[in-house]
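> Pasting the sequence and the predicted model now:
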Amino acid sequence: MKKSIVDNNSDYFEYGNDTFSYLKERVNLNTLSNLSSDEQKKFIENGIAPSLETPFKNIVHAFEHWVVKTPSNIAAIYETKAITYKQLDDEATILALILKQKGISSGDKIGLYVNRSIDMLIGIIAALKLRAIYIPQDPRIVPVSMLQEISEVSNIKIILSLARYQDKLKFFNESSSIFIDQELQKDIYKNLYGNIKLINHVNDDEHKGCFILFTSGTTGTPNGVEVTHKNLCNILYNTPGNLNITPGTKVAQLLNISFDMAAWEILGCLGNGGTLLVRGKDIQKTAERANVIIATPSLLTTIDASKCNKVETVAVAGEPCPVILANTWSRKCTFYNSCGPTETTIVNTMKKCDINSHELSIGKPTPNNTVYILDENKKPLKIGEVGIMWAGGDCVTNGYINNRELNTKRYSSDIFLKKDAKMFNTGDLGKWNENGELIHYGRIDDQVKIKGFRVELDAISKIIESFSEVKRAVTLKHKNNLVSFISLSDTKTDNLIERIIKSIEEQLPYYYLPSDFRILDHLPKTSRGKIDKKVLREQFIQS
């Protein structure tokens, strides 16, 4: 009989003294035949997280739980406007009724083309009340051609937007566009408030799609990933992914709606009863009022930690985190370094960082998930060997829409578990350390050949970021040379480049040494808050 307890020091679930025996029963041991018995034990204990019953089956259940329990609590604040859980539910239900009248039903695709606002939240909840699937994009930064392409490839049936973007949506049928801010102001709906019901939600829809996110940014062919309610509930409403959000907790909403981590902010907050602080232009001002901050490391470096006196929890993901940045925030609050692509639902590994960490891990798989380190033939590697991270469990999404070839390439049956399950090739390199935690070595794409040798670019950037004067660093390949870009946190940089060169030479083989170091005031960021490598290549290398 298993038992689940929370170890407050690790934030991971244990099974008493019988952890291995329990987990072993779930594994096809013949798939581990190339490993010794001790390595098999570590492969299972490190890579397979314990099972845990998730408290909600879908996002709407979670949100409506707090509507009933805390109707007058503030759900969100944007600029000078605040909205309670009951008010947000009423507004979303009316919008859902309008959508229903226009023929929207379970499984239909809705384009949610909005910027950060209360109306954005109303649109999300309205879509989910109908069990529809929303596709979030920000018209301020996404070209019209991309909005049109996403609408077509997703087979969007209706668009929810704001009146200010009407001119950008002329490609779509006008009668199938609803501008939330205009529509909900009509007198016809005013008598509906306070006494409205839509449908009774049942527990049969956890595998249904919740939203579709496009992973290719604003260039190239977009790849839409369908994320389910089960995927999201598993990370958002279990420890540690719930980030200890409870009623009264103020959560900063800093990120772009099209980024999967924005769902961590929005749905993680509203499904745990917190209050969402939707930012305007001033990121710092919002961060200073928040108890919980979710960000990319690049975005977090723009926030002054010394002024964030209310913060209790910070989580980063999306790109490698500098050790100095983690240590700065770990001294103030609980700090999680996390990892996971969109295809494995926001993050599937988390590590609560210790103060004064020297080596920053991304932790272990979160509850109901797995992580395997495999070679190119999907064979398990020994503990300590660097390989490809494959992620499995409840985090694995439904896959790419309308792209069977890519689904076949990246998604696979989980050959290691006895039950019918899927796993996903994350495209990340990693290894298990002696503590049974994952060390991230960057993307396979960031592993390049220099002078015939294989070089992991993130290994260089990590060394550069270990210097206190450095805020962020990234290393790129140009022709057959390496170029490191650096932004500084300190104006005193006496002999900095010389010290960096010496440190790289002491820790890495000679062919890892960049031929050029370029110091910039700021490293450019994408709309999702990550370092924009494309801009660096185009503006600072090619020029």
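Done, it's in. Values in this document were obtained by computation on a predicted structure and should not be read as measured data.
> Show me the helices in the stretch 201-350 of the chain, by range?
Ranges of helices in the stretch 201-350 of the chain, per DSSP state H, counting those that start in this stretch, are 229-236, 260-270, 283-289, 297-300, 323-330.
> any weak-confidence spans in the stretch 101-250 of the chain?
Applying pLDDT under 70 to the stretch 101-250 of the chain flags residues 191-205, 216-222.
> How about the stretch 401-543 of the chain?
Looking at the stretch 401-543 of the chain by pLDDT under 70, you get 451, 491, 542-543.
> Now do the helices in it.
Under the criterion DSSP H, counting those that start in this stretch, the stretch 401-543 of the chain contains helices at 404-410, 457-465, 496-507, 533-535.
> Kindly reformat those helices as TSV containing mean neighbour count and distance to Val144.
C-beta: built from backbone N, CA, C; applies to glycine. Below are those laid out as TSV (neighbours: other Cβ atoms under 10 Å; distance: least, Cβ to Cβ, whole Å):
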stretch	mean neighbour count	distance to Val144
helix 404-410	12	26
helix 457-465	22	35
helix 496-507	14	44
helix 533-535	14	20
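> As CSV, those with distance to Pro367 would be great.
Formatted as CSV, those follow (distance: least, Cβ to Cβ, whole Å):
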stretch, distance to Pro367
helix 404-410, 23
helix 457-465, 27
helix 496-507, 36
helix 533-535, 33
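> Ramachandran angles for the residue nearest to the spatial centre of the chain?
Nearest residue to the geometric centre of the chain (Cα atoms, centre = their mean): Ile346, 3.0 Å. Phi and psi for Ile346, reported as degrees, to the nearest 10, are phi 70, psi -80.
> these two touch, right, it and Gly318?
No - applying Cβ atoms under 8 Å as the test, Ile346 and Gly318 come out as separate, 9.6 Å apart.
> joint contacts of the two?
Residues touching both Ile346 and Gly318 (Cβ atoms under 8 Å, 6 or more residues apart in numbering) are Met261.
> and the residue lying closest to Glu437 once chain neighbours are set aside, how far is that from Asp282?
Spatial nearest neighbour of Glu437, chain neighbours left out: Ser361 (3.9 Å); criterion: Cβ to Cβ, 6 or more residues apart in numbering. Distance of Ser361 to Asp282, given as Cβ to Cβ, to the nearest Å: 33 Å.
> These two: which has the busier surroundings?
Ser361 (20 against 9; other Cβ atoms under 10 Å).
> Next up, the contacts around the more buried one.
Contacts for Ser361 (Cβ under 8 Å, 6+ apart) come out as Asn337, Lys351, Asn433, Asn435, Glu437, Leu438, Ile439, His440.
> what are the phi and psi values for it?
According to degrees, to the nearest 10, Ser361 has phi -100, psi 170.
> Quickly note the distance from it to Leu476.
25 Å.
> now swap in Glu465 and tell me
Counting by Cβ to Cβ, the gap from Glu465 to Leu476 is 15 Å.
> Then Phe424?
According to Cβ to Cβ, Phe424 and Leu476 sit 26 Å apart.
> the more surrounded of the two?
The residue with more neighbours, out of Phe424 and Leu476, is Phe424; 25 against 19, by other Cβ under 10 Å.
> The more buried one: what's it in contact with?
Going by Cβ under 8 Å, 6+ apart, Phe424 touches Pro341, Glu343, Thr344, Trp390, Ala391, Gly392, Val396, Thr397, Arg410, Tyr411, Ser412.
> tell me, how many neighbours does Leu162 end up with?
Applying other Cβ under 10 Å, we find 18 residues neighbouring Leu162.
> Distance of Tyr85 relative to Tyr400?
According to Cβ to Cβ, Tyr85 and Tyr400 sit 35 Å apart.
> from the chain's centre, how far out does stretch 294-311 sit?
Offset of stretch 294-311 from its chain centre (Cα atoms, centre = their mean, to the nearest Å): 17 Å.
> So for that stretch, what gets flagged as buried?
Buried residues in stretch 294-311, counted by 16 or more other Cβ atoms under 10 Å: 294-303, 305, 308, 311.
> Check stretch 99-118 too.
By neighbour count with 16+ other Cβ under 10 Å, stretch 99-118 contains the buried residues 99-100, 104, 108-118.
> Can I get stretch 108-121 in CSV? Just the C-alpha atoms.
What follows is stretch 108-121, C-alpha atoms only, in CSV (Å, rounded to 0.1, in the frame of the first residue of the first chain):
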residue,chain,number,x,y,z
ASP,A,108,-14.3,24.0,-31.5
LYS,A,109,-11.3,26.3,-32.0
ILE,A,110,-11.5,29.9,-30.8
GLY,A,111,-8.9,32.5,-31.7
LEU,A,112,-8.2,34.6,-28.6
TYR,A,113,-6.4,37.5,-30.2
VAL,A,114,-5.9,39.9,-27.2
ASN,A,115,-3.4,41.7,-25.1
ARG,A,116,-3.0,41.5,-21.3
SER,A,117,-6.3,42.7,-19.8
ILE,A,118,-9.4,41.7,-17.8
ASP,A,119,-11.1,41.0,-21.1
MET,A,120,-8.3,38.4,-21.8
LEU,A,121,-9.3,36.5,-18.7
